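Asker: Can you look at this prediction? I've put the sequence above it.
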Amino acid sequence: MSMLEGFLYKPKESPLHKLDPRSKAVILVFYTVTSLIYLDPIVLVLLLLSVVLLSIVGKCVMEWSKSVKATLTFALVIFILNVLASPGLGYTYALAMSLRFLSLAAAFSLYFLTTPPEALALSLEAAGLPRDFTLMLTLSLRFVPTLARDLQIVTDAFRSRGLKLDSGNYVERLYNFAKLLTPLIVFEIRRSLMIAEALESRGFGGAVKPSLYKPPKMSLIDYMITAGGLVALGVIVCYHLGFPQ
């Protein structure tokens with residue numbers, strides 16, 4: 001739950017919230033590419049620390065830290081699996097893989113915490129992407145945390161009726177958790193029908209492309225951040241590939 005809620009938008013008054021989603025997406029691509037092409041733990045730690053500074057600027061340190069704490073277990077599993085599967089590469093490689101996962105999770109969490117799904121969809125649509133794709137992305141971002149909350153509601157309802165989910169061996173726990181699937185699936189089917197009816201009532205998918213009441217516009221700061229992010233990304237990639245020589 002805490003990990004999924006770390007990817008849910010939190011409205012705040014901060015410089016990071018005021019930026020255009022497209023300029024923040026360039027910075028997110030920079031963090032993603034840098035995390036994937038470098039295996040130096042020092043570089044990955046610096047990336048993680050820079051995300052910490054950005055979370056302070058975005059005034060969402062508490063929400064962001066919850067999602068990062070929830071990913072620590074997965075990072076530990078990645079470390080152990082890499083140590084066992086690749087003993088010849090040493091602990092440094094396993095640590096780098098764990099830090100890579102943490103850096104990616106931290107960067108994506110900060111992006112979604114400071115970017116409303118509606119603004120992201122409008123920006124992508126203004127960039128020329130199809131409305132079907134932007135709708136799919138927006139619904140995915142919005143309803144993954146909603147699905148987690150629905151699961152918590154169903155779990156609490158079953159526990160109030162005497163179902164013990166935390167007792168017994170692993171087979172019994174798995175069997176008890178399987179009982180949650182049927183009401184959860186019914187829950188989400190009803191929600192999807194409501195969404196379909198709402199889209200149909202608003203004429204989604206019509207032949208005429210609707211106009212935007214307030215088209216998204218990038219400010220001078222957004223253009224500067226976008227240009228700086230693209231230049232930094234190009235420098236990082238060229239340096240990694242060995243250009244110029």
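Answerer: Perfect, I can see it now.
Asker: any idea how far the closest residue in space to residue 64 that isn't next to it in sequence is from residue 32?
Answerer: In this structure, residue 64 finds its nearest non-sequential neighbour in residue 55, 4.3 Å apart by Cβ to Cβ, 6 or more residues apart in numbering. (C-beta placed from N, C-alpha, C; glycine too.) Applying Cβ to Cβ, to the nearest Å, the value for residue 55 to residue 32 is 17 Å.
Asker: how is this protein carved up into domains?
Answerer: For the chain, automatic domain parsing gives the domain ranges 2-115+215-241, 123-201.
Asker: Single out the most deeply packed of those domains.
Answerer: Compared across these, domain 2-115+215-241 shows the largest average neighbour count, a mean of 17 (mean count of other Cβ atoms under 10 Å).
Asker: Quick one: distance of it to the chain centre.
Answerer: The chain centre lies 10 Å from the centre of domain 2-115+215-241; the measure is Cα atoms, centre = their mean, to the nearest Å.
Asker: longest single helix anywhere in this structure?
Answerer: Secondary structure assigned by DSSP state H gives helix 131-160 as the longest helix of the chain.
Asker: quick one: contacts for residue 86?
Answerer: Counting by Cβ atoms under 8 Å, 6 or more residues apart in numbering, residue 86 touches 93, 94.
Asker: For this protein, which helix or strand comes out least confident on mean pLDDT?
Answerer: helix 2-5 (a mean of 58; mean pLDDT, DSSP states H and E).
Asker: Now do the helices in this protein.
Answerer: Assigned by DSSP H, the helices in the chain fall at 2-5, 15-18, 21-37, 41-57, 61-85, 90-113, 117-126, 131-160, 170-178, 181-201, 220-241.
Asker: relative to helix 90-113, how tilted is the fourth one?
Answerer: For the pair helix 41-57 and helix 90-113, the angle between their directions (axes from the mean of the first three to the mean of the last three Cα atoms, to 10 degrees) equals 20 degrees.
Asker: Output helix 41-57 as PDB, nothing but the C-alphas.
Answerer: Listed next in PDB are the C-alpha coordinates belonging to helix 41-57 (Å, rounded to 0.1, in the frame of the first residue of the first chain):
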ATOM      1  CA  PRO A  41      27.800   2.600  -6.800                       C
ATOM      2  CA  ILE A  42      29.100   6.200  -6.300                       C
ATOM      3  CA  VAL A  43      27.300   7.500  -9.300                       C
ATOM      4  CA  LEU A  44      24.100   5.800  -8.300                       C
ATOM      5  CA  VAL A  45      24.300   7.100  -4.700                       C
ATOM      6  CA  LEU A  46      24.800  10.600  -6.100                       C
ATOM      7  CA  LEU A  47      21.700  10.200  -8.300                       C
ATOM      8  CA  LEU A  48      19.700   9.000  -5.200                       C
ATOM      9  CA  LEU A  49      20.900  12.000  -3.200                       C
ATOM     10  CA  SER A  50      20.000  14.400  -6.000                       C
ATOM     11  CA  VAL A  51      16.400  12.900  -5.900                       C
ATOM     12  CA  VAL A  52      16.400  13.500  -2.200                       C
ATOM     13  CA  LEU A  53      17.200  17.200  -2.800                       C
ATOM     14  CA  LEU A  54      14.500  17.400  -5.400                       C
ATOM     15  CA  SER A  55      11.900  15.900  -3.000                       C
ATOM     16  CA  ILE A  56      12.800  18.700  -0.600                       C
ATOM     17  CA  VAL A  57      12.200  21.300  -3.300                       C
END
